[in-house]
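A.B. asks: Need a 3D model of the following:
(one chain, ligands or ions: 1)
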Amino acid sequence: MARKTGKSEEYVLSEIELQRLWNECKALDSQIVVGLLVFCGLRVSEAIHLRLEWIRDEEIHIPSQQKCNCAACAKRGYWTPKTSHSVRLVPVPGFMKPLLWEYLKTHPEGLQLSRQAIWYRIQHLATRAKLPHIFPHALRATYATLLASKGLTGPEICAVLGWARITMGEHYVRIAEARGGAREKIKQIWGTKYA
Ligand SMILES: [Zn+2]
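C.D. replies: Got it, this is the predicted structure:
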């Protein structure tokens, strides 16, 4: 599992790359797809199943179960999140709120896209933004990295991302602290001025 974390971490987008990707999201549904993954940290399966009734008090409430007949759920007749820890409250960033409301007002059933369609869309946007191939875990890992760099604790990151193991969140915090610490120490070694 530690390997999986390390692997997705290699593909975390920098803030500049993230801005470039977001700039290519011109259509509302592209903003919703990318925004739910990278600015709300939803899993692809959660983003696909999000619907108007999940929104209460301007937050996303991920339910423990929902009736669904999409190709992935048809056999069971309902959707469930990955684990019991995935049932959670997810805050929506201020700039995303009007976009999400506008979309769900006309699409109360949500995106209704397949996992493949979501990834096809993201790769298309990434190509336009001149970014390398984006891996499925990269957008959630980018969100976790962003939260860690803004000072959220490991348990706080786990609560928002729906991770059971606190070490997952702590991993991102340690990386963020190491980056900040390394930068400061390197400045002290060589100074910040060019000769
Ligand atoms: Zn479904």
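
A.B. asks: quick one: terminal-to-terminal distance for stretch 120-137?
C.D. replies: When the termini of stretch 120-137 are compared using C-alpha to C-alpha, to the nearest Å, they are 15 Å apart.

A.B. asks: Please identify the buried residues of it?
C.D. replies: By neighbour count with 16 or more other C-beta atoms under 10 Å, stretch 120-137 contains the buried residues 121-122, 125-126, 129, 131, 134, 136-137. Just so you know, the C-beta spots here come from the backbone N, C-alpha and C atoms, and that holds for glycine as well.

A.B. asks: Give me the contact list for that stretch.
C.D. replies: Applying C-beta atoms under 8 Å, 6 or more residues apart in numbering, the set of residues contacting stretch 120-137 from outside is 4, 7-8, 11, 13, 17, 20-21, 23-25, 30, 33-34, 37, 44, 113, 119, 139.

A.B. asks: Pull out the buried residues from those residues.
C.D. replies: For these, burial is judged from neighbour counts taken by 16+ other C-beta under 10 Å, and it is met by 8, 11, 13, 17, 20-21, 24-25, 30, 33-34, 37, 44, 113, 119, 139.

A.B. asks: Find the centremost residue of the protein, please.
C.D. replies: The C-alpha lying nearest the average C-alpha coordinate of the chain belongs to residue 41 (C-alpha atoms, centre = their mean; 2.6 Å).

A.B. asks: And the closest residue to it other than its chain neighbours, what's its pLDDT?
C.D. replies: In this structure, residue 41 finds its nearest non-sequential neighbour in residue 143, 3.9 Å apart by C-beta to C-beta, 6 or more residues apart in numbering. Residue 143 is assigned a predicted lDDT (pLDDT) of 95.

A.B. asks: Return the alpha-carbon coordinates of the strand or helix carrying residue 143 using CSV.
C.D. replies: Remark: residue 143 resides in helix 138-149, with elements defined by DSSP states H and E. Output in CSV follows, covering the C-alpha atoms of helix 138-149 (Å, rounded to 0.1, in the frame of the first residue of the first chain):
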residue,chain,number,x,y,z
ALA,A,138,-3.0,11.8,-9.4
LEU,A,139,-5.9,14.2,-8.9
ARG,A,140,-6.9,13.0,-5.4
ALA,A,141,-3.2,12.9,-4.5
THR,A,142,-2.8,16.4,-5.8
TYR,A,143,-5.7,17.5,-3.6
ALA,A,144,-4.1,15.8,-0.6
THR,A,145,-0.8,17.5,-1.3
LEU,A,146,-2.6,20.8,-1.6
LEU,A,147,-4.3,20.3,1.8
ALA,A,148,-1.1,19.2,3.5
SER,A,149,0.8,22.3,2.1
